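> predicted model, plus sequence, below.
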Amino acid sequence: MLSLTHDTGLRTFDILVTALLLILIVAKTTLRFRPALVLCTGLLGSGALAVLDVTMLHHADAGSTPFPVIVHLDIALADLAPPLALVSVTMVLWLQARRTRLLIDATVASTLRATRLARFVSPDVARRLETLDSAGILKNSRRRVVVMFVDLRGFTAYAEKTEPEIVGAFLEEFRELVIAEVFRTGGTIDKFLGDGVLVVFGGFTAQQAPAASSLACGTAILRAVNAWSRRRSRRDLPPAVVTIGAHYGEVLIGVLAAGGMLEHTVIGDTVNVAQRLQTFAKELGTSFVVSDELFKETTGTLDADWRNHGPRHHIKGRDDGISLWLYDDRGDKALTTVNDRNETMDRELHDDATIQA
């Protein structure tokens with residue numbers, strides 16, 4: 001009797017240890033986030049454990065060969081507990097692996113879509129388009145933002161006399177300069193308009209001071225373009241000149257649908273005024289023009305490089321005129337000239353040192 005109890009205890013211990021090892025194996029396969037592998041491993045392990053349990057039970061009862069031809073079916077429910085426990089653990093781990101895998105796949109797909117979108121639109125717009133569901137993608141919202149237009153002067157004449165490949169490279173350089181400054185100051189590029197760029201501040205992402213950010217962005221673009229233009233001149237290439245107009249007001253931000261195509265943009269009178277201010281910059285012989293509404297949003301903290309341009313200017317299609325503020329970038333151009341001169345001197349000294357060596 002004691003021997004029988006001892007044998008039963010050893011058999012139970014062996015089964016429990018085997019079940020524990022199988023559970024650890026199934027748990028390890030869960031870390032690979034492959035639900036099918038978890039399910040197959042768990043079910044195969046449960047089947048093997050059940051066969052082992054039955055075989056050991058029959059061997060203990062019969063006292064004969066450990067692999068009998070005939071297997072008794074009168075097995076107590078307690079003998080099936082370890083295989084059933086393994087099946088239960090397997091199902092739980094399979095469900096967890098399946099949920100995790102679906103989440104990983106969705107995250108990867110979302111990242112890939114955002115990456116593809118970011119090739120054509122700014123990261124802010126890409127994220128906004130990515131988060132819009134199919135039911136709400138056409139829902140538009142009103143916001144007060146800064147709209148800024150940046151335009152290359154003389155581009156039409158330049159493109160007419162230049163090979164398309166050279167024009168394309170020229171535009172790429174220009175856009176890279178603008179993109180760098182816009183993203184650095186927290187703005188969003190709504191779209192490229194040939195030789196122009198439409199920029200929005202405070203529309204797609206929250207900004208504490210969109211007006212001040214837009215002015216910092218515009219002046220930084222002017223400095224970057226002035227430096228770029230100097231570098232082009234040293235290579236006997238035509239200079240680059242930009243004009244900028246910016247206005248603060250309410251716009252409608254959303255997606256416009258037409259012919260099965262979607263366009264994410266800003267629309268409204270504020271956009272039209274900003275574009276007209278950019279045209280005023282050309283007419284007034286300056287580089288950067290902003291509205292009085294934008295000036296007020298900066299709490300009147302514009303530096304000495306800004307000046308009010310007298311009476312209110314009439315804009316075609318609007319009943320009310322608008323007061324303008326003009327930026328004087330002569331200081332930026334002078335600083336750029338000094339920096340370029342220093343770079344030239346450094347280059348010449350380096351060349352002389354190389355020759356003497």
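That came through fine. Residues are numbered from 1 along each chain as shown.
> test my guess that residue 150 contacts residue 244.
Yes: between residue 150 and residue 244 there is a contact at 5.2 Å, judged by CB atoms under 8 Å. Every C-beta, even on glycine, is put in place using the N, C-alpha and C of the backbone.
> and for the two, which residues touch both?
Shared contacts of residue 150 and residue 244 (CB atoms under 8 Å, 6 or more residues apart in numbering): 218, 221, 278.
> looking at these, which is nearest residue 297?
Of all the shared contacts of residue 150 and residue 244, residue 297 sits closest to residue 218, with 14.0 Å by CB to CB.
> helix, strand or coil for the closest residue to the closest one other than its chain neighbours?
What sits nearest to residue 218 in space, not counting adjacent residues and going by CB to CB, 6 or more residues apart in numbering, is residue 244, at 4.8 Å. What DSSP: H, G, I helix; E, B strand; the rest coil gives for residue 244 is strand.
> what do you get for residue 315?
Three-state assignment for residue 315 (three-state DSSP): coil.
> wait, it touches residue 323, no?
No: look at residue 315 against residue 323 with CB under 8 Å: they stay out of range, at 11.4 Å.
> okay, those two: which has more neighbours?
Counting neighbours by other CB atoms under 10 Å for residue 315 and for residue 323 shows that residue 315 has the greater number, 18 against 15.
> buried sites along the helix ranked longest in the chain?
Using DSSP state H, we find that the single longest helix of the chain is helix 81-118. Neighbour-count burial for helix 81-118, with 16 or more other CB atoms under 10 Å as criterion, is recorded at 82-83, 85-87, 89-90, 93-94, 97-98, 101, 117.
> among the residues you listed, show me the least confident.
When the buried residues of helix 81-118 are sorted by pLDDT, the bottom entry is residue 117 at 57.
> right, and residue 291 touches residue 273 too?
Yes: between residue 291 and residue 273 there is a contact under CB under 8 Å: 6.6 Å.
> who has more neighbours out of these two?
Per other CB under 10 Å, whichever of residue 291 and residue 273 has more neighbours is residue 291, with 26 against 23.
> quick check: bridge partners of that one?
residue 324 (DSSP bridges).
> so what's it up against?
246, 247, 248, 273, 277, 322, 323, 324, 325.
> per-residue pLDDT, it?
Reported pLDDT for residue 291: 91.
> distance of it relative to residue 169?
The gap separating residue 291 from residue 169 is 34 Å, by CB to CB, to the nearest Å.
> buried residues in stretch 225-240?
Applying 16+ other CB under 10 Å to stretch 225-240 flags 225, 226, 227, 228, 229, 230, 240 as buried.
> now pLDDT, distance to residue 36 and secondary structure too, for these, in a markdown table please.
Below are those laid out as a markdown table (pLDDT from 0 to 100; distance: CB to CB, whole Å; DSSP: H, G, I helix; E, B strand; the rest coil):
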| residue | pLDDT | distance to residue 36 | secondary structure |
| --- | --- | --- | --- |
| 225 | 94 | 57 | helix |
| 226 | 94 | 61 | helix |
| 227 | 93 | 58 | helix |
| 228 | 93 | 56 | helix |
| 229 | 92 | 61 | helix |
| 230 | 93 | 63 | helix |
| 240 | 89 | 58 | coil |
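> between those residues, which is nearest residue 43?
Among the buried residues of stretch 225-240, residue 228 lies closest to residue 43 (CB to CB), at 66.0 Å.
> what about that closest one, distance to residue 167?
For residue 228, the distance to residue 167 (CB to CB) stands at 16 Å.
> one step back: now list the buried members of the contacts of residue 291.
246, 247, 248, 273, 277, 322, 324, 325.
> which of these scores worst on pLDDT?
residue 322 (84).
> picking that back up, show me what the longest helix of the chain packs onto, helices and strands only.
Using 3 or more CB pairs under 8 Å, 6 or more residues apart in numbering; DSSP states H and E, the elements in contact with helix 81-118 are helix 2-30, helix 35-62, helix 123-131.
> past the shortest one, which element shows up next along the chain?
Right, the one you point to is helix 123-131. With elements assigned by DSSP states H and E, the helix or strand that comes after helix 123-131 is strand 141-152.
> what's the average pLDDT for that following strand?
Here strand 141-152 scores 92 as its mean pLDDT.
> go on, stretch 160-175?
The average pLDDT within stretch 160-175 is 91.
> dump it to PDB, restricted to CA.
Taking Å, rounded to 0.1, in the frame of the first residue of the first chain, the C-alpha atoms of stretch 160-175 are listed here in PDB:
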ATOM      1  CA  GLU A 160      11.500  80.400 -69.000                       C
ATOM      2  CA  LYS A 161      15.200  80.600 -69.800                       C
ATOM      3  CA  THR A 162      16.500  77.700 -67.700                       C
ATOM      4  CA  GLU A 163      16.500  73.900 -68.300                       C
ATOM      5  CA  PRO A 164      13.700  72.100 -66.300                       C
ATOM      6  CA  GLU A 165      16.200  70.000 -64.400                       C
ATOM      7  CA  ILE A 166      18.000  73.100 -63.100                       C
ATOM      8  CA  VAL A 167      14.700  74.700 -62.200                       C
ATOM      9  CA  GLY A 168      13.700  71.600 -60.300                       C
ATOM     10  CA  ALA A 169      17.000  71.600 -58.300                       C
ATOM     11  CA  PHE A 170      16.600  75.300 -57.600                       C
ATOM     12  CA  LEU A 171      13.100  74.800 -56.200                       C
ATOM     13  CA  GLU A 172      14.300  71.900 -54.100                       C
ATOM     14  CA  GLU A 173      17.000  74.000 -52.500                       C
ATOM     15  CA  PHE A 174      14.500  76.800 -51.900                       C
ATOM     16  CA  ARG A 175      11.900  74.500 -50.300                       C
END
